[in-house]
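**Q** next come a sequence and a model predicted from it.
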Amino acid sequence: MKIIIIGAGFTGLQLAKRLVSEKMDVVLIDNDEETVRHASNSVDCLVIQANGNNLNTLEQAGISKADALIALTKSDEINMITCSLVDSVYPDIIKIARVRNYDYYSNSNAVSASNRHMYGIDYMIHPDVAAAEEIVTAYQHGAIADILEFDDSKYEMASVEIEKESCLDGIRLKDINSMSPTKVLIPLVTRDEKTFLPVGDTELKAGDTISILIEKEKLSAFLPLTGSNVHQIKRIALVGAGRIGTKIADCILKKEKEKSKSIIGKLFDKNTKNHPQLVIIDKDYNLAKEASETFEDAIVYNADITDESFIEEENLSRFDLVIAATHNHELNMVASAYFKTLGCKRSICLVTNSAYALIAKNIDIDVAVPIKDVVVDAILSHLRGKNVTGVHTLSEGEFEVVEFEIPQDSKIRGKALKDIRSTETAFIVLLVNKGDTYMIADGNTILETGDKLIFIVETKDNKQILSKLGG
């Protein structure tokens with residue numbers, strides 16, 4: 001594939017590196033001299049210093065032969081205009097734009113009925129919404145682990161560290177289900193900063209981080225085996241009232257209202273003190289004022305989270321959870337780590353990328369959500385081919401979880417999973433959906449056209465595996 005990327009900032013550069021590693025023909029365009037110089041020294045592809053929203057520039061870059069255009073500049077408007085410009089001349093090219101302002105999205109029935117893409121854009125990537133949803137998912141699981149959810153599935157994958165004196169310390173992988181209260185699959189293990197696909201005889205150790213595929217409702221029952229427990233979260237400090245913070249607050253408060261309206265909520269949760277108390281903090285007066293007017297069920301402070309006297313006065317150190325979601329990702333890490341030292345039980349932190357997420361884990365932050373990686377994953381899912389419906393990056397990009405639908409012309413149709421094993425590359429099929437619901441796969445599962453697979457593979461091998469599966 002030939003891919004043209006407009007915007008050589010961090011996200012554009014990371015995406016270019018991933019695509020180049022997959023032997024794709026990539027062109028990076030940016031109008032900033034220093035950014036172009038850095039990109040030229042960092043990735044093995046053509047880098048052009050020019051305005052990407054200029055058709056002459058795009059034609060010189062080879063837009064007529066390109067398969068996709070991806071607009072990742074800092075400006076939503078430039079990203080959208082560039083895609084619209086290309087659509088007017090080259091409508092068959094896939095056009096992807098990062099758009100942060102949710103007002104540009106349309107849920108209009110008229111637009112849906114017309115079967116046309118807004119602004120000529122095939123796919124809009126909204127990083128703020130995606131990051132906020134990941135943070136809310138982590139909160140709902142007690143901020144105990146990184147959680148990866150799959151659409152239309154009762155399963156999820158959680159990454160949890162095995163604590164000292166855990167009953168899993170020294171246990172072989174194939175023996176876990178005999179001691180687990182529910183069926184689980186462990187497709188990935190990280191040990192001493194190295195991640196690998198385990199086998200049945202792999203012996204787990206304290207300090208290992210394991211990825212657990214499990215039914216959503218049963219994770220809390222399995223966690224005690226790892227030495228972790230989910231504690232009830234009653235008091236939440238949300239740092240940041242910007243776009244992401246506002247989305248997080250809205251989701252948390254809406255979910256609590258839904259609980260209170262349910263039959264169980266009315267019967268067993270009549271005491272409003274049982275509901276989580278949400279405190280929102282932002283040093284920007286206008287953002288704090290707007291949050292105060294929007295969220296009447298939350299307490300909003302216009303204050304600096306680094307002010308020790310404010311923390312002490314409001315007794316914030318005794319909160320159950322701090323969520324740091326400002327646009328300053330370094331501040332998020334510092335604030336989250338600081339709250340943990342003061343006695344806050346759990347912390348969730350918005351960071352730039354997976355490298356920062358690793359640093360966050362090393363300073364005792366429980367969950368780190370890398371916003372740039374969320375964007376790259378969303379874009380890659382649209383570039384893998386029409387049979388790939390989702391891509392999720394793990395372990396700093398070393399592994400991918402891929403959602404895939406078996407095409408009609410696939411050579412694996414009618415074969416059992418155990419018969420499509422590869423001696424050259426390793427991959428693990430996690431779930432199979434044969435029309436009704438997802439289930440954990442086994443070697444005897446027969447694959448047919450239209451079956452949906454979720455599998456995990458080393459990123460360097462994904463192209464070969466997709467080819468083997470018919471993608």
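**A** Structure received. Residues are numbered from 1 along each chain as shown.

**Q** going forward, measure contacts and count neighbours with C-alpha atoms only.
**A** Fine.

**Q** which SSE is residue 78 in?
**A** helix 76-89 (DSSP states H and E).

**Q** so which bits of that helix are buried?
**A** Buried residues in helix 76-89, counted by 16 or more other C-alpha atoms under 10 Å: 76, 78, 79, 80, 81, 82, 83, 84, 85, 86, 87.

**Q** then stretch 380-390?
**A** 380, 381, 382, 383, 384, 387, 388, 389, 390.

**Q** and the pLDDT at the residue most central in space within the chain?
**A** Geometric centre of the chain, nearest residue: residue 374, 4.4 Å, by C-alpha atoms, centre = their mean. Residue 374 carries a pLDDT value of 85.

**Q** now residue 464
**A** For residue 464, pLDDT reads 85.

**Q** confirm that it sits in a helix.
**A** Yes. Assessed by DSSP: H, G, I helix; E, B strand; the rest coil, residue 464 belongs to a helix.

**Q** so who does it touch?
**A** By C-alpha atoms under 8 Å, 6 or more residues apart in numbering, the contact list for residue 464 is empty.

**Q** for the next helix or strand after the helix holding residue 78, what is the average pLDDT?
**A** Where DSSP H and E defines the elements, the next helix or strand beyond helix 76-89 is strand 94-98. For strand 94-98, mean pLDDT is 94.

**Q** ditto for stretch 119-138
**A** Stretch 119-138 comes out at a mean pLDDT of 89.

**Q** swap in stretch 12-31?
**A** Here the average pLDDT along stretch 12-31 is 92.

**Q** go on, stretch 42-56?
**A** 94.

**Q** quick one: low-confidence ranges for the stretch 51-200 of the chain?
**A** 105-117 (pLDDT under 70).

**Q** could you redo the last one with a cut-off of 80?
**A** Within the stretch 51-200 of the chain, the segments meeting pLDDT under 80 span 102-119, 144-145, 151-152.

**Q** and the helices in the stretch 101-250 of the chain, which stretches?
**A** 109-114, 127-140, 176-179, 219-226, 243-261 (DSSP state H, counting those that start in this stretch).

**Q** any idea of the angle the last one forms with helix 127-140?
**A** I take that to be helix 243-261. 40 degrees (axes from the mean of the first three to the mean of the last three C-alpha atoms, to 10 degrees).

**Q** give me the buried positions along helix 243-261.
**A** Under the neighbour-count criterion of 16+ other C-alpha under 10 Å, helix 243-261 has 243, 244, 245, 246, 247, 248, 249, 251, 252, 253, 260 buried.

**Q** before we move on, the earlier item: mind putting the buried residues of stretch 380-390 in JSON lines, distance to residue 400, secondary structure and pLDDT included?
**A** Shown next, in JSON lines, are those (distance: C-alpha to C-alpha, whole Å; DSSP: H, G, I helix; E, B strand; the rest coil; pLDDT from 0 to 100):
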{"residue": "380", "distance to residue 400": "11", "secondary structure": "helix", "pLDDT": "88"}
{"residue": "381", "distance to residue 400": "11", "secondary structure": "helix", "pLDDT": "86"}
{"residue": "382", "distance to residue 400": "14", "secondary structure": "coil", "pLDDT": "89"}
{"residue": "383", "distance to residue 400": "14", "secondary structure": "coil", "pLDDT": "87"}
{"residue": "384", "distance to residue 400": "12", "secondary structure": "coil", "pLDDT": "80"}
{"residue": "387", "distance to residue 400": "16", "secondary structure": "coil", "pLDDT": "86"}
{"residue": "388", "distance to residue 400": "12", "secondary structure": "strand", "pLDDT": "88"}
{"residue": "389", "distance to residue 400": "13", "secondary structure": "strand", "pLDDT": "85"}
{"residue": "390", "distance to residue 400": "10", "secondary structure": "strand", "pLDDT": "86"}
